[in-house]
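Engineer: My questions are about this predicted structure, shown below with the sequence.
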Amino acid sequence: MKFQYLRRGMALTVAAMMSLPIMASDNVDQQMRQSLEAARNKQWDKIDQDAIEDHVLAGYIEYHRLRDRLPHADAAVVNEFIQRYADSPLSSWMRGVAEVSYGHGGRFDSLLAVSDGKPRGTVRQCYYYTALLDREPATAAQGGLDLWLTGRSQPDACDDLFATLRARGVIDGRAIWQRQMLAWENGEDSLARYLSRSLPSTWDGAQTAYERLQKNYAAITQIPVSLGPGGAGSAALFTAAMHNFTRADTEAALEAWRKVGPHLSLEAPQRHQIERDLAFYSMVREVGNNEGWVDDVLPRLADEDLLELRVRRALAQRNWNEVVHWVRAMPEEARQSAHWQYWLGRALAKQGDDQASRNAYAIAASQRDFFGFAAADRLQQPYNLNLERATFSEEFRRQVANWPAVKRAEALQRIDEPGLARSEWYGAVARASEKEAKALADYALSQGRYATLVQTTITAKQWDALDWRFPEAYRDSFLRWGETTGVDPYLLMGIARRESAFNNEAVSPVGARGLMQLMPGTAALVSRQIGSANPSLEGLFDPEVNIRLGSTYIRDMLKRYSGNRLAATAAYNAGPSRVDRWLRDSPDEFDLFVESIPFRETRNYVQAVLAYQVIFASLAKDGDTRGIAMLTKAERQGEYDASLMARN
């Protein structure tokens with residue numbers, strides 16, 4: 001018995017000794033958390049520098065100390081910091097704040113000493129070009145003029161730059177006029193009025209024409225085609241006037257353009273933009289009298305978005321000859337996409353050219369998306385996932401865990417700084433080689449950080465790394481609530497992947513929350529329906545709560561639309577009332593229904609969720625797509641009209 005107590009005491013002692021490093025680490029992290037908060041508040045006396053000196057995040061304290069010394073800190077000190085932390089966002093942050101601080105303080109030699117060329121951001125650029133005014137006047141003039149030519153107000157940091165360039169004649173009457181026209185385009189009336197007061201009297205005729213057009217766009221056919229000194233104001237005025245006229249009355253704008261356009265001296269980009277606007281608004285507003293002109297100008301514009309609109313109009317009209325014509329008119333990259341090869345195949349089949357149709361379907365079926373899978377169904381072949389996998393040894397994984405950026409990101413997570421942790425992580429991904437980026441994705445998966453994993457694959461453009469792009473996040477919860485609600489768990493996972501990329505704390509601009517992006521009102525409604533307490537806003541971040549409510553809501557949408565997932569997922573995204581309305585006036589076939597959805601977001605959403613369901617189901621079979629169907633027979637062959645609604 002005595003020996004048993006001795007062994008127990010020894011075990012407790014060993015356990016206590018093993019816990020000492022963990023406890024010490026926790027204590028140092030706590031000190032770092034407190035020190036970082038103190039540094040942000042410039043409470044330097046509250047920082048125990050010795051206690052955190054060797055901490056992996058010590059550079060964050062140093063960053064705040066050095067920042068507090070600006071603009072008086074020597075540029076050499078700033079550059080030394082930038083170089084020492086070149087593998088951390090601290091480097092670029094320090095360069096940015098130093099440029100702004102030196103610029104604001106008028107220390108332009110120091111600003112240029114820490115700069116590495118044209119910076120990002122308007123404030124930094126204004127200070128940068130101000131610093132170059134006497135050193136590289138030509139560069140400063142061009143950079144300052146680019147900053148000047150915007151239709152919106154610029155920050156105070158630009159004032160000295162603009163004043164100097166005006167005094168030097170770089171910003172002259174023409175530049176003032178161009179900016180005034182840009183302000184008119186942007187609806188910035190106060191800025192336009194301010195600029196008009198700065199124009200020389202030689203621009204009075206152009207100003208009179210502008211004031212006339214403000215009252216009546218149709219007067220564009222009656223004003224002189226040469227305005228301002230030497231006609232220098234014509235292009236800007238007519239470009240701005242057509243911009244506004246096209247949005248106000250597209251049919252009348254085209255009529256006017258056909259009269260004045262041939263007589264105007266415009267640069268190719270200006271003419272292109274005017275005609276692109278006219279074509280775009282003519283199609284989206286379905287201006288019948290403009291159709292002939294639009295068809296004439298589309299090949300010359302060669303704009304992918306416009307040609308997509310034209311193909312979709314041909315599909316709505318079931319004009320298969322036009323579908324073939326306009327798909328073939330698309331730029332090569334767009335034309336070869338699964339989306340348009342699928343529709344080319346459909347149109348060629350309608351024309352009776354079966355071999356050409358199958359060739360188009362084959363190109364589409366080689367790709368991994370909704371229309372690629374739909375094309376594979378037409379060819380009655382398995383889906384092509386184009387799956388790539390990478391494996392790493394445990395030894396290499398341990399090395400990754402010790403990479404400085406990874407250690408900093410982990411430490412920032414421990415001290416509850418998720419925003420800084422993300423900056424460290426994605427900065428590391430952006431700098432990484434292909435192998436290093438894959439190793440970082442593998443590490444994120446090993447830590448169960450699914451949202452980080454998905455975003456890592458996006459940052460690194462790892463499009464075929466499906467195991468990482470579509471991880472089995474929260475799998476048990478999806479399986480449980482899928483079984484409870486009778487909804488395919490892979491459909492639930494597809495919705496969550498599209499909605500939040502598995503970020504359980506995601507909040508949309510309109511307030512949708514959590515994995516399945518539930519609106520609080522919808523969550524409250526579903527909670528009452530199932531007899532559950534209404535979750536708080538924070539409660540919607542709980543994966544279990546969110547998946548339960550989201551799976552119940554999509555179940556209700558499936559019941560509403562007779563089990564049809566295309567309609568149900570559209571309703572999940574856009575709301576059932578809209579889908580009800582679309583079904584009352586929609587094409588009969590599934591692919592035409594999807595293409596006819598008027599909201600691009602919802603159209604893409606439906607395609608993504610159904611394709612994601614296939615991917616999740618296939619990965620559950622180790623990437624084998626045999627026996628997996630994107631659509632049921634009823635979904636493929638059923639009619640997409642009001643009869644689909646179980647409740648009318």
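Structural biologist: Done, it's in.
Engineer: so which strand or helix has the residue positioned nearest the centre of the chain?
Structural biologist: A centroid search over the chain (Cα atoms, centre = their mean) returns Ile458, at 10.7 Å, as the residue closest to the centre. Using DSSP states H and E, Ile458 sits in helix 450-459.
Engineer: Let me see the residues that make contact with that helix.
Structural biologist: 422, 425-426, 429-430, 437, 440-441, 444-445, 462-463, 465, 468-469, 471, 473-474, 497, 500-504, 506 (Cβ atoms under 8 Å, 6 or more residues apart in numbering). From N, CA and C alone the C-beta is placed, and that goes for glycine too.
Engineer: where does Gln222 sit relative to Arg398, distance-wise?
Structural biologist: 77 Å (Cβ to Cβ, to the nearest Å).
Engineer: sorry, that was for Asp295
Structural biologist: The value you get for Asp295 to Arg398, if Cβ to Cβ is used, is 63 Å.
Engineer: So between these two, which is more surrounded?
Structural biologist: Asp295 (14 against 9; other Cβ atoms under 10 Å).
Engineer: and stretch 244-255, how far from the chain's centre?
Structural biologist: Distance, stretch centre to chain centre, for stretch 244-255: 31 Å (Cα atoms, centre = their mean, to the nearest Å).
Engineer: How about stretch 381-395, which residues are buried there?
Structural biologist: With burial defined by 16 or more other Cβ atoms under 10 Å, the residues of stretch 381-395 counted as buried are 383-385, 387.
Engineer: Closest one to Arg124 out of those, please.
Structural biologist: Closest approach between the buried residues of stretch 381-395 and Arg124, by Cβ to Cβ: Leu387, at 43.1 Å.
Engineer: For that closest one, list the residues it contacts.
Structural biologist: By Cβ under 8 Å, 6+ apart, the neighbours of Leu387 are 464, 466-467, 623.
Engineer: And for Pro576?
Structural biologist: 557, 560.
Engineer: and Gln381, how far is that from Val594?
Structural biologist: Distance from Gln381 to Val594, by Cβ to Cβ: 21 Å.
Engineer: Can you tell me the closest non-neighbouring residue to Asp580?
Structural biologist: Met645 (6.2 Å; Cβ to Cβ, 6 or more residues apart in numbering).
Engineer: pretty sure the one you found is touching Ser586, no?
Structural biologist: No. Look at Met645 against Ser586 with Cβ atoms under 8 Å: they stay out of range, at 11.4 Å.
Engineer: More neighbours: which of the two?
Structural biologist: For Met645 and Ser586, the more surrounded residue by other Cβ under 10 Å is Ser586, and the numbers stand at 20 against 17.
Engineer: Pretty sure that one sits in a strand.
Structural biologist: No. Counting by DSSP: H, G, I helix; E, B strand; the rest coil, Ser586 is not found in a strand; it is coil.
Engineer: List the residues that contact it.
Structural biologist: Here Ser586 is in contact with 592-593, 596, 640-641 (criterion: Cβ under 8 Å, 6+ apart).
Engineer: distance of it from Lys118?
Structural biologist: Counting by Cβ to Cβ, the gap from Ser586 to Lys118 is 50 Å.
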